[in-house]
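A.B. asks: Okay, predicted coordinates and the sequence, questions at the end:
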Amino acid sequence: MLVAALRAEDLKDIEYARAGRTSLRLDAHIPDGKGPFPAAILAHGGGWVRGDRSSVDPIFEALTNAGIAWFTVSYRLASDLLLDPAASITQLGAAENDVKQAIAFVKSHATEYHVNPNKVVLIGESAGGQLVSMAALRPDPGGTVQGVVAFYSPTDLPALVRTSSWIPESVRDAVKGTFWDTMMMAELTKFSPITWVSSTAPPFLMIHGTDDNLIPFAQSERFCDKLNEANGSCELYPVKIAGHGMRAWESSHITNYKAPMIRWLQQVLALK
């Protein structure tokens, strides 16, 4: 299907890839005009086990007003981490691959959607932040991007598991010091963005509520520090007295992060 070149288009339920019998889908907005437009690929949160691609809607309008095409994607969800931790950790790799497939789809359909394949950024919230970060830090061939915006993203999964109040102490005590504990921590380290920072990483913008009681603000602080120490580029925008979730921010009228985010995107995409 060829998208009209002059009028803005809102596209729904587009298949971007298949994973076995699973159809992976996205929604998109293409701005007015002929383009080619810069593009943002968005991944929702939900702890890798729930959520949908509409949940990042608080930033749709800001991206639209900036003339950035956006593609919000669904990905394969994991099993409950406590009920089936092995399967859940394995599924992190599947979800990461789904994000990489979305990048490949947008780039290979750049002409159809009037986007510039050399001006693509990734934006993710919470679990989606971890996924887009991993996709950017260890990209597939041809899958490099120009920047990443990660909202309240888990960047060090072993540290999160060790300290999270969402995991009962009885569960931690049951596996502590066992072979399973060692294996699980090794796998979580492999899927932690902080493990993969390097000087070749694209620029990152971390946006995080200072009062987040689910993903500690320190996760973004440590990631930014490590990336900058590696001669990469990372900026951290603290959202003062804010908890977890952009929809919660929206209902509390916390929107001050949007203008700095757009300015940062314009800078890394060389739009200004």
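C.D. replies: Arrived safely. Residues are numbered from 1 along each chain as shown.
A.B. asks: By mean pLDDT, flag the weakest helix or strand of the chain.
C.D. replies: Lowest on mean pLDDT, DSSP states H and E among the helices and strands of the chain sits helix 169-175, with a mean of 47.
A.B. asks: What segments of the stretch 151-272 of the chain are helices?
C.D. replies: Assigned by DSSP state H, counting those that start in this stretch, the helices in the stretch 151-272 of the chain fall at 157-163, 169-175, 179-190, 217-229, 246-251, 258-268.
A.B. asks: make that the stretch 1-150 of the chain, sorry
C.D. replies: Under DSSP H, counting those that start in this stretch, the stretch 1-150 of the chain gives helices at 60-65, 85-108, 110-113, 127-137.
A.B. asks: ok, back up a step: Throw the helices of the stretch 151-272 of the chain into CSV and include mean neighbour count, thanks.
C.D. replies: The C-beta positions use only the backbone N, C-alpha and C, and glycine is treated the same way. Listed next are the helices of the stretch 151-272 of the chain as CSV, based on neighbours: other Cβ atoms under 10 Å:
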stretch, mean neighbour count
helix 157-163, 18
helix 169-175, 11
helix 179-190, 14
helix 217-229, 19
helix 246-251, 16
helix 258-268, 17
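A.B. asks: Ala66: which of the ones you listed is closest?
C.D. replies: helix 258-268 (4.9 Å; Cβ to Cβ).
A.B. asks: name the helices or strands packed onto the closest one?
C.D. replies: Contact analysis of helix 258-268 by 3 or more Cβ pairs under 8 Å, 6 or more residues apart in numbering; DSSP states H and E lists helix 60-65, strand 147-151, strand 204-209, strand 234-239 as its packing neighbours.
A.B. asks: buried sites along the third one?
C.D. replies: To tie it back to what came earlier, the one meant is strand 204-209. Phe204, Leu205, Met206, Ile207, His208, Gly209 (16 or more other Cβ atoms under 10 Å).
A.B. asks: Then the first one?
C.D. replies: Buried positions in helix 60-65, judged by neighbour count with 16+ other Cβ under 10 Å: Phe60, Ala62, Leu63, Thr64.
A.B. asks: go on, stretch 101-121?
C.D. replies: 101-107, 109-110, 113-117, 119-121.
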